[in-house]
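>>> for reference, the sequence and a predicted model appear below.
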Amino acid sequence: MKLRENIEENQADYLARYLPDGEAWKSKWIEGSNLRNLLIGLGKEFSNIEQRNSWLRRELNIYSTEDLIEYWEKDYGIPDNIFSITGKTIKERQTNLIIKEMMNGADKAPDWEYIAKQFGFDVKVYPGTDKTRFTYTFPIIFADYPKYTIIVDMLGISPTDPSINLLKSVFETIKPIDCVIIYI
């Protein structure tokens, strides 16, 4: 309890320094005076406000939330057909929230590649026109509508590997409705 008393005294001293010097304010340094007790009480409350503010800043950030993670998941629609919450650690649940957030604005190849990195995969994403039109780059892919094709190069992972099914589900969710994804 001695540590708490020292913290309270330090808070009171800190607040007392902001009060003017003069005859009316001398009691700010006198132990047991009404003004000193008021400063100690205010110091306690300011300390409580600071702790609550720190907690709130942590919980309002999806990268660090723990206590309010259920509310974040509810707002983001988790659990859904892609993400579940059963048997997951807080860190895994935070990662799900981050991926779900990234899915909202993932409209460029680097966004898709970054999402894949969150799942632990290294991929390269190309528009269909890069590999289906002259000048050809290998591998050449023949697609009916290259303008509406997205090519995901799995870089050494077989596109039929079951470990990438969750990533494929995410990509199918964020792709434009008139596009086709080809995994190579």
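Perfect, thanks for sending it.

>>> residues contacting residue 83?
Under the criterion of CB atoms under 8 Å, 6 or more residues apart in numbering, the neighbours of residue 83 are 96, 99, 100. Yep, even glycine has a C-beta here, placed from its N, CA and C like the rest.

>>> one more time with 10 Å
Residues near residue 83 by CB atoms under 10 Å, 6 or more residues apart in numbering: 73, 76-77, 92-93, 95-97, 99-100, 166, 169-170.

>>> do the same with residue 154
116, 121, 122, 123, 124, 160, 161, 164, 167, 183, 184.

>>> ChimeraX command to pick out the buried ones of these?
If you want just the buried ones from these in ChimeraX, going by 16 or more other CB atoms under 10 Å, the selection is:
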select :116,121,123,164,167,183
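
>>> just the contacts of residue 154 now: which is nearest residue 36?
residue 116 (61.0 Å; CB to CB).

>>> wait, doesn't that closest one sit right on residue 174?
No. Applying CB atoms under 10 Å, one finds residue 116 not in contact with residue 174, separated by 11.6 Å.

>>> circling back to that earlier point, need the contacts of residue 154 in CSV with distance to residue 153, pLDDT and secondary structure, can you?
Formatted as CSV, the contacts of residue 154 follow (distance: CB to CB, whole Å; pLDDT from 0 to 100; DSSP: H, G, I helix; E, B strand; the rest coil):
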residue, distance to residue 153, pLDDT, secondary structure
116, 11, 90, helix
121, 11, 89, coil
122, 10, 90, coil
123, 6, 92, coil
124, 4, 91, strand
160, 15, 81, coil
161, 14, 81, coil
164, 12, 86, helix
167, 13, 89, helix
183, 8, 86, strand
184, 5, 83, coil
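
>>> which residues of the chain fall in helices?
Assigned by DSSP state H, the chain shows helices spanning 2-16, 34-59, 69-76, 90-103, 109-118, 129-132, 165-174.

>>> buried residues in the longest one?
Just to be clear, that refers to helix 34-59. Buried residues in helix 34-59 (16+ other CB under 10 Å): 35, 36, 39, 40, 43, 59.

>>> residues contacting the closest residue to the fourth one other than its chain neighbours?
When the adjacent residues along the chain are set aside, residue 40 lies closest to residue 12, with 4.5 Å between them (CB to CB, 6 or more residues apart in numbering). Applying CB under 10 Å, 6+ apart, we find residue 12 in contact with 28-29, 31, 35-44.
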